[in-house]
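A.B. asks: Predicted structure and sequence below. I'll ask about it afterward.
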Amino acid sequence: MDITYQYMIPILEYFHKLTNSYGWAIILLTVLVRILVWPLVVKSTQSMQKMSQMQPMMKRIQDRYKNDPEKFQKKMMEFYSKNKMNPLGGCLPTLVQLPVLFALFATFSGPPFGDKGIDVKVNVVEKSKAAEVKKAEVSGNNSPYVGPDGKIAKLVVFPGDSVVVEGESLDFNTRSVEGQVPADFKVQWKFANLQKKEGEEAPASIDENGHATFLKPGEYHVQAMVPGVAKHENFGPINGLGKVASGMDLFKPENFDLVVMIIFFGVSMYLSSKLTMKPPTGPAEEMDEQQIIQQQTAKTMPIALSAMFFFIPLPSGVYVYMIVSNVIQTLQTWLVMKSPAPAFIDVLDGEEDVPPPPSGDDTPKGKKKDVSESGKNGSRKEAAKDKDKKNAEDGVKKITVESDTGETISLSTGKRKVKKKKK
């Protein structure tokens, strides 16, 4: 299913008819898509929020069982199960919406905002290999076309991938497999990978009508460039929604609008990622390794992507889409993060944070076994209790009562002892 051709471009053209502006059509289409993926954004953000809130608990489990990997895995699974957590819960909603976002990106980088090439591969062989000659009916790929009147068509090139003998010619043309194109519609023909040494004759040539001649053996790529009718349309300070520039060309005065949009994209991306991270609860809180990585990623990723766009040429319409999308996503993230932190079940509840000391054969090497009374009972506390109990019993034994007949009775044992009177 071609989401770009069947859904994105028709909706874009509908908004264009309402606003008479492709710039506003880009914004409205982006808003519509962000609304449609809102449930996925909520689920993804809540999952990341929950994971962030539970980091201290997960750190306690890790510290408790760092020397017992099997017990650690068991406790972590118990923790995830009781709290109904999925470690991939924040990624799955994002993966589900990726096809839609890629289709949206393709919509703003091709017709009607930019030219798009339909590629045909031609292998030219020597005359001795004439038996290998073959031609496909049409090209394997296609391109949408949006006319000035808003009508949409899908175009292919014929013939498609071919094998021809050196010195032969081919006449290429375009065909609409869906929709209609204007009577005066024309594409620009060119070779995508043609290399020619200075002073030498070109190994192949193609004219404006698609007539190509191949003089030398090799692999050639013929391209039919489908024009974007809105690539020169202005939108506010943006002079050309299909304008493309990269590298040093960005610093030309006519391309300053692209530089501003690239910087604004980086700022909006930073704000969006900043909202998804849990801030430290106090200055003395120590961040674990995962939190440190998140902090560093939030700082470096916007800078890295913004720098990358200085060298990757993208149409202005794509930057408009990315900025609007980031602003809306930042607002959506802020709304979700305003909700209270989720409560969770502590799987270590009732357990001491300090593990019991080793006993018996588990005594670490280099340490003497505790053969004292406290060691035999397992802890100093229990030994102290036993000692107090023993002393109490001894104290009771010492309490005796002597009768008039000379008998002594122990109150603890009840035993009687008769003392003989001296004569």
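C.D. replies: Nice, thanks for sending it over.
A.B. asks: quick one: the strands in the stretch 101-250 of the chain?
C.D. replies: 116-125, 134-135, 143-146, 152-158, 162-165, 169-171, 173-178, 188-191, 204-206, 211-214, 218-226 (DSSP state E, counting those that start in this stretch).
A.B. asks: Can you list the neighbours in contact with the fourth one?
C.D. replies: For strand 152-158, the surrounding residues in contact (C-beta atoms under 8 Å, 6 or more residues apart in numbering) are 2, 5, 9-10, 13, 118, 120, 137-139, 141-147, 172-181, 187, 222, 224, 226. Placement of C-beta: from N, CA and C, glycine included.
A.B. asks: Low-confidence regions, this structure specifically.
C.D. replies: 1, 86-94, 96, 275-291, 293-295, 298, 340-423 (pLDDT under 70).
A.B. asks: Out of the strands of the stretch 101-250 of the chain, which is the most enclosed?
C.D. replies: Mean neighbour count (mean count of other C-beta atoms under 10 Å) peaks for strand 143-146 among the strands of the stretch 101-250 of the chain, with a mean of 25.
A.B. asks: helices or strands next to that one in the packing?
C.D. replies: helix 9-19, strand 116-125, strand 152-158, strand 218-226 (3 or more C-beta pairs under 8 Å, 6 or more residues apart in numbering; DSSP states H and E).
A.B. asks: Could you tell me the angle between the third one and strand 116-125?
C.D. replies: In this structure, strand 152-158 runs at an angle of 10 degrees to strand 116-125, with axes from the mean of the first three to the mean of the last three C-alpha atoms, to 10 degrees as the basis.
A.B. asks: what's the answer for the longest one, then?
C.D. replies: Using the same axes, to 10 degrees, one finds that helix 9-19 and strand 116-125 are set 140 degrees apart in direction.
A.B. asks: counting contacts, what elements does the helix or strand following helix 9-19 pack onto?
C.D. replies: Downstream of helix 9-19, the next assigned helix or strand under DSSP states H and E is helix 22-36. Judged by 3+ C-beta pairs under 8 Å, 6+ apart, helix 22-36 is in contact with helix 9-19, helix 92-109, helix 316-337.
A.B. asks: buried set for helix 22-36?
C.D. replies: 22-30, 33-34 (16 or more other C-beta atoms under 10 Å).
A.B. asks: what residues does stretch 190-200 touch?
C.D. replies: Residues contacting stretch 190-200 (C-beta under 8 Å, 6+ apart): 117, 119, 202-204, 206, 219-223, 225.
A.B. asks: how much space between the spatially closest residue to Glu208 that is not a sequence neighbour and Pro253?
C.D. replies: Leaving out its chain neighbours, the residue that sits closest to Glu208 by C-beta to C-beta, 6 or more residues apart in numbering is Trp189, at 6.5 Å. According to C-beta to C-beta, to the nearest Å, Trp189 and Pro253 sit 33 Å apart.
A.B. asks: do the same with Ser44
C.D. replies: 41 Å.
A.B. asks: and what of Thr174?
C.D. replies: 37 Å.
A.B. asks: circling back: nearest to Lys274 among the strands of the stretch 101-250 of the chain would be which one?
C.D. replies: Across these, Lys274 has its closest neighbour in strand 116-125 (36.1 Å, C-beta to C-beta).
A.B. asks: For that closest one, name the packing helices and strands.
C.D. replies: strand 143-146, strand 152-158, strand 162-165, strand 211-214, strand 218-226.
A.B. asks: Distance to Pro302 for those - can I get that in a markdown table?
C.D. replies: Listed next are those as a markdown table, based on distance: least, C-beta to C-beta, whole Å:
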| stretch | distance to Pro302 |
| --- | --- |
| strand 143-146 | 32 |
| strand 152-158 | 36 |
| strand 162-165 | 46 |
| strand 211-214 | 45 |
| strand 218-226 | 33 |
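A.B. asks: nearest to Ile312, of the ones you listed?
C.D. replies: Nearest of the helices and strands packed on strand 116-125 (C-beta to C-beta): strand 218-226, 19.6 Å.
A.B. asks: got a list of contacts for that closest one?
C.D. replies: 110-111, 115-124, 143-145, 155, 157, 172, 174, 187-194, 203-204, 206, 210, 212, 214.
A.B. asks: again, only this time at 6 Å
C.D. replies: Here strand 218-226 makes contact (C-beta atoms under 6 Å, 6 or more residues apart in numbering) with 111, 115-124, 143, 145, 157, 172, 174, 187-188, 190-193, 204.
A.B. asks: just stretch 171-178 next, same as before
C.D. replies: Residues contacting stretch 171-178 (C-beta under 6 Å, 6+ apart): 153-158, 187, 210-211, 222, 224.
A.B. asks: Can you add distance to Ala307 and give those back as a markdown table?
C.D. replies: Formatted as a markdown table, those follow (distance: C-beta to C-beta, whole Å):
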| residue | distance to Ala307 |
| --- | --- |
| Ala153 | 38 |
| Lys154 | 36 |
| Leu155 | 36 |
| Val156 | 38 |
| Val157 | 37 |
| Phe158 | 42 |
| Val187 | 35 |
| Gly210 | 40 |
| His211 | 44 |
| Val222 | 35 |
| Ala224 | 34 |
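A.B. asks: Need the max-distance pair from the residues you listed.
C.D. replies: Across the contacts of stretch 171-178, the two lying at the largest distance from each other (C-beta to C-beta) are Lys154 and His211, at 24.3 Å.
A.B. asks: got the buried residues for stretch 40-56?
C.D. replies: Result for stretch 40-56 [16+ other C-beta under 10 Å]: buried residues 40-52, 54.
A.B. asks: swap in stretch 61-75?
C.D. replies: Buried-residue list, stretch 61-75, by 16+ other C-beta under 10 Å: 61, 64-65, 72, 75.
A.B. asks: Out of these, the closest to Val165 would be?
C.D. replies: For these, the residue nearest Val165 by C-beta to C-beta is Phe72; the value is 69.0 Å.
A.B. asks: Am I right that that closest one sits in a helix?
C.D. replies: Yes - the assignment for Phe72 is a helix, going by DSSP: H, G, I helix; E, B strand; the rest coil.
A.B. asks: ok, it to Lys59 distance?
C.D. replies: Distance from Phe72 to Lys59, by C-beta to C-beta: 12 Å.
A.B. asks: ok, now Asp257?
C.D. replies: Taking C-beta to C-beta, one finds Asp257 at 47 Å from Lys59.
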